[in-house]
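Asker: With the sequence up front, the predicted model follows.
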Amino acid sequence: MTTAVRSDAAGGGPAEPAPQYETVVLRDERALDALAGEWDDLQERSPGATPFQSHAWLASWWHSYGRPGRLRLVTVRRDGRLIALAPLYRDGAVLRPLGAEITDFHDVLLDREFADEAARRLAAALAAELRGPFARLDLPEVRADAAVHVLHTHWPRTARRLPASLVQHLPGVPMEELLIRLPGRTAQRTRVKLRKLAAAGIDVRLVPPWEAPEAVDRMLALHALQWRDRGATPEHMRGRFASHLRAAATGMAATDRAQLREYRLDGRLIACDLMLQSTGMVALYVYGVHPEARERLDIAGMLFGESLAHAVSTGRHELSLLRGNEPYKQRWRPDPAHNERLLFGSAPAVVLTACAARAEERAKEFARRRMPWLKEVRGRARVLKAKLTRQVA
């Protein structure tokens, strides 16, 4: 189903025809697939776009996680050219971004040449989609340079910003330059580990797109093995996640938006990783490592070294470590930043949601300070849940 929200002409001088704008809300999965080429072209023109805004990533997420009838793709065209896109789905009274919890950065796409006008028209169309006193648009993880901040300035109703996840990144520089950031002893130990890696004779293979599904399966098998009895993220053990990654990795690798790498030692597969990339960024999304290799080799040095080398060789300025503050990341002294949660909608919807979010955060902080034993309980529950998930799968 397709809904045309608005089609009109904008003002212009007599010397040339005024541009024609059309805003449409698409609800059909066939429209999602048909947009692939235009979508990726717009991603290249959209300021701040990350790999998570690519068509292959979000379309594969929808085909693995979406429910019929809930898709909402809000598009704006200028003289037929796609200049704005909000990839969303409806969850009751709430519009949420495709990609949901397994996506580290949410955003809309805006053509930088017409960003202001595109954002104004997109904001009007989204406001029209939010019917009822408690309807809202909820974007949980938004970067500081995201295009949706332009839309925020044109929003006709109530909007709020809330703090969201910690994200970290390293500069896209050669490894030796990165080591300068580290304390002296840490840098020296890391150099020793890297020399040991180089001497080990690890063979690194770039997986071609047509082999991506099988490579993803091998990677996830190693991922499950490395987290066995340590509390893996339960979603990573589910079939729908594997289905999504197979399709996303295949489509993104075919359009130079992802790389799958396999690492072998003495002919034996010891690690795999999936690296996503956009114009200025590479991001290490997920990896799998055999536990025996973790005991012998500097795995973080191996994976980060390959990602940094790729970033340098392709002129990308950022290696994103994405969300989380795991110890293996902290060793490299990454630069911290925080995502924001953006809420748009009616005043009651936005204010109540913001108040609930703040209350939840205060409760978590209280638990961290007054009930530290909960962390261990949650860890044990996570291990148990991961085991049950593997058995069901």
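Answerer: Thanks, I have the structure now. Residues are numbered from 1 along each chain as shown.
Asker: So in that sheet, which strands flank the longest strand along the chain, and in what orientation?
Answerer: Criterion DSSP state E: the longest strand present in the chain is strand 158-171. In the sheet containing strand 158-171, the strands it pairs with under DSSP bridges are strand 318-323 (antiparallel), strand 335-345 (antiparallel).
Asker: Let me see the mean pLDDT of it.
Answerer: Taken as a whole, strand 158-171 carries a mean pLDDT of 96.
Asker: Beyond that strand, next helix or strand please.
Answerer: Next helix or strand after strand 158-171 toward the C-terminus (DSSP states H and E): helix 175-179.
Asker: and that following helix, what's its mean pLDDT?
Answerer: Helix 175-179 shows a mean pLDDT of 94.
Asker: In terms of secondary structure, what does it contact?
Answerer: Taking 3 or more C-beta pairs under 8 Å, 6 or more residues apart in numbering; DSSP states H and E as contact, the helices and strands that helix 175-179 lies on are helix 184-200, helix 299-314. C-beta: built from backbone N, CA, C; applies to glycine.
Asker: Can you add distance to residue 83, mean pLDDT and mean neighbour count and give these back as TSV?
Answerer: Shown next, in TSV, are these (distance: least, C-beta to C-beta, whole Å; pLDDT from 0 to 100; neighbours: other C-beta atoms under 10 Å):
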stretch	distance to residue 83	mean pLDDT	mean neighbour count
helix 184-200	46	93	13
helix 299-314	27	95	19
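Asker: Pull the distance from the longest strand of the chain to the chain's centre.
Answerer: Counting by C-alpha atoms, centre = their mean, to the nearest Å, strand 158-171 is centred 13 Å from the centre of its parent chain.
Asker: so which of the helices and strands packed on helix 175-179 comes closest to residue 140?
Answerer: The stretch from the helices and strands packed on helix 175-179 with the least distance to residue 140 (C-beta to C-beta) is helix 299-314; that distance is 25.5 Å.
Asker: Now tell me what touches that closest one from outside.
Answerer: When contacts are taken as C-beta atoms under 8 Å, 6 or more residues apart in numbering, the neighbours of helix 299-314 outside the stretch itself are 170, 172-175, 178, 190, 193-194, 197, 202, 204, 259, 261, 263, 271, 273, 275, 277, 282, 284, 287, 289, 293, 316-319, 328-329, 331-332.
Asker: next one: stretch 118-132
Answerer: Residues from elsewhere that reach stretch 118-132, judged by C-beta under 8 Å, 6+ apart: 5-6, 21, 23, 25, 72, 74, 76, 78, 83-84, 86, 93, 95, 108, 110-111, 135-137, 147, 150-151, 153-157, 344-346, 349.
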